[in-house]
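Asks: below is the structure, and that's it, no one-letter string:
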């Protein structure tokens, strides 16, 4: 999930938030890369962290330390954050549990219920959550050579779509990219949340790190071609990872999932893993950014 629309409610605070939304979208439209964060959401001075990602893939300075680091052992591969870590990260980006939807609101949203509910939109949103939380214990099932095949690839920033194609969650084919039309200003999600008593959640989202990170995330997507992979270079070693694991996109998605349901954010990957070079090369060489999972599954075993 990449963004969310927030229109004014007619009250003074709503009008202010509407103006902020327009301003943020204007920045996104011109890819304002010099934008920086000088403080964290808690008011602490920003700390420069050498993550190995370059601007815009590194996101806003001061928030890089919040995003997942590269795994250092096999036990960390596709390991979920866990609720305690998710709550701590939420605090660092300016959110807390009170900002999330109620259980009823969340249930209504993902089932197409509530005021103005839409089942098709709900299915896209639910698919996004499944892809972004494809960690240990939460496999995705795809049709691979005629067989229902599970896969767990979140740390790589990859997933296998229902047709058995391996791709980045930022691929044009993915629900996690297609959902942009639903969460754009004036789109389904913003309207649904306002109409179902969740304006507070929208306000909290825009007051969090989401706002500044969305600018960097949008810019990163626009320059990454069909593959939607990111190069990380640290200690003289370069590797590739899917766009969803780059700091700004990971934090944007974290904020959105935490607002929906904190337990979803807790299932996001805690560490990123380099994509095997042969796989990364194949994805980059593909005109669609997709390759058959059956041809590359052995690299992930």
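Replies: Right, received. Where do you want to start? Here the structure is a predicted model, which means the values were calculated and not measured. Numbers count the residues shown, from 1 in each chain.
Asks: name the helix or strand for the residue nearest to the spatial centre of the chain, please.
Replies: The centroid of the chain falls nearest to residue 253 when counting by CA atoms, centre = their mean (2.7 Å). Under the criterion of DSSP states H and E, residue 253 resides in helix 247-260.
Asks: could you list the residues in contact with the following helix or strand past that helix?
Replies: With elements assigned by DSSP H and E, the helix or strand that comes after helix 247-260 is helix 262-266. Residues outside helix 262-266 that contact it (CB atoms under 8 Å, 6 or more residues apart in numbering) are 80-83, 85-87, 89-90, 97, 100, 129, 132-133, 254, 257-258. Where C-beta positions appear, they are placed from N, C-alpha and C, glycine not excepted.
Asks: then residue 143 would be within a strand, right?
Replies: Yes - assessed with DSSP: H, G, I helix; E, B strand; the rest coil, residue 143 lies in a strand.
Asks: that one and residue 160 touch, don't they?
Replies: No - when contacts are counted by CB atoms under 8 Å, residue 143 is not listed as touching residue 160 (9.5 Å).
Asks: who's more crowded, these two?
Replies: Taking neighbours as other CB atoms under 10 Å, residue 143 and residue 160 compare with residue 160 leading, 29 against 15.
Asks: how close does that one sit to residue 251?
Replies: Plainly put, residue 160 is 24 Å away from residue 251 if you go by CB to CB, to the nearest Å.
Asks: again, but for residue 216
Replies: 9 Å.
Asks: ok, residue 279 next?
Replies: Residue 279 is 25 Å from residue 251, by CB to CB.
Asks: so which of these two has more stuff around it?
Replies: residue 251 (28 against 23).
Asks: mind listing what the more buried one touches?
Replies: So residue 251 contacts 59, 63, 66, 67, 93, 209, 210, 213 (CB under 8 Å, 6+ apart).
Asks: tell me the most packed of these, by neighbour count.
Replies: Most surrounded of the contacts of residue 251: other CB under 10 Å gives residue 59, at 30 neighbours.
Asks: excluding covalently adjacent residues, which one is nearest to that residue?
Replies: The shortest distance from residue 59 to any non-neighbouring residue, by CB to CB, 6 or more residues apart in numbering, is to residue 248 (3.3 Å).
Asks: that neighbour is in contact with residue 220, isn't it?
Replies: Yes - between residue 248 and residue 220 there is a contact at 6.4 Å, judged by CB under 8 Å.
Asks: what is the mean pLDDT for the helix holding residue 253?
Replies: Mean per-residue pLDDT for helix 247-260: 97.
Asks: what does stretch 188-202 give?
Replies: Across stretch 188-202, the average pLDDT comes to 93.
Asks: buried ones in it?
Replies: Of all the residues in stretch 188-202, those buried under the rule 16 or more other CB atoms under 10 Å are 188, 189, 190, 191, 192, 193, 194, 196, 198, 199, 201, 202.
Asks: pLDDT value on residue 229, please?
Replies: pLDDT, residue 229: 98.
Asks: now residue 179
Replies: Value for residue 179, per-residue pLDDT: 87.
Asks: would you check that it makes contact with residue 124?
Replies: Yes - counting by CB under 8 Å, residue 124 is a contact partner of residue 179 at 5.4 Å.
Asks: what subset of the contacts of helix 262-266 is buried?
Replies: With burial judged by 16+ other CB under 10 Å, the buried subset of the contacts of helix 262-266 is 80-81, 86-87, 89-90, 100, 129, 132-133, 254, 257-258.
Asks: closest to residue 167 out of the residues you listed?
Replies: residue 132 (13.8 Å; CB to CB).
Asks: what pLDDT does the closest one get?
Replies: At residue 132, pLDDT is 98.
Asks: go on, residue 38?
Replies: In this model, residue 38 carries a pLDDT of 37.
Asks: residue 248 and residue 220 - which one has more neighbours?
Replies: Legend: neighbour count by other CB under 10 Å for residue 248 and residue 220, higher for residue 248 (30 against 26).
Asks: check the gap between the more buried one and residue 61 for me.
Replies: According to CB to CB, residue 248 and residue 61 sit 11 Å apart.
Asks: residue 215: which element?
Replies: helix 210-222.
Asks: just residue 87 next, same as before
Replies: helix 83-93.
Asks: any idea of the mean pLDDT for whichever helix or strand comes after that helix?
Replies: Moving toward the C-terminus from helix 83-93, the first helix or strand encountered (DSSP H and E) is helix 103-111. Averaging pLDDT along helix 103-111 gives 97.
Asks: so where's the stretch 51-200 of the chain shaky on pLDDT?
Replies: Within the stretch 51-200 of the chain, no range satisfies pLDDT under 70.
Asks: those strands in it, which residues are they?
Replies: 69-70, 140-144, 147-151, 159-160, 165-167 (DSSP state E, counting those that start in this stretch).
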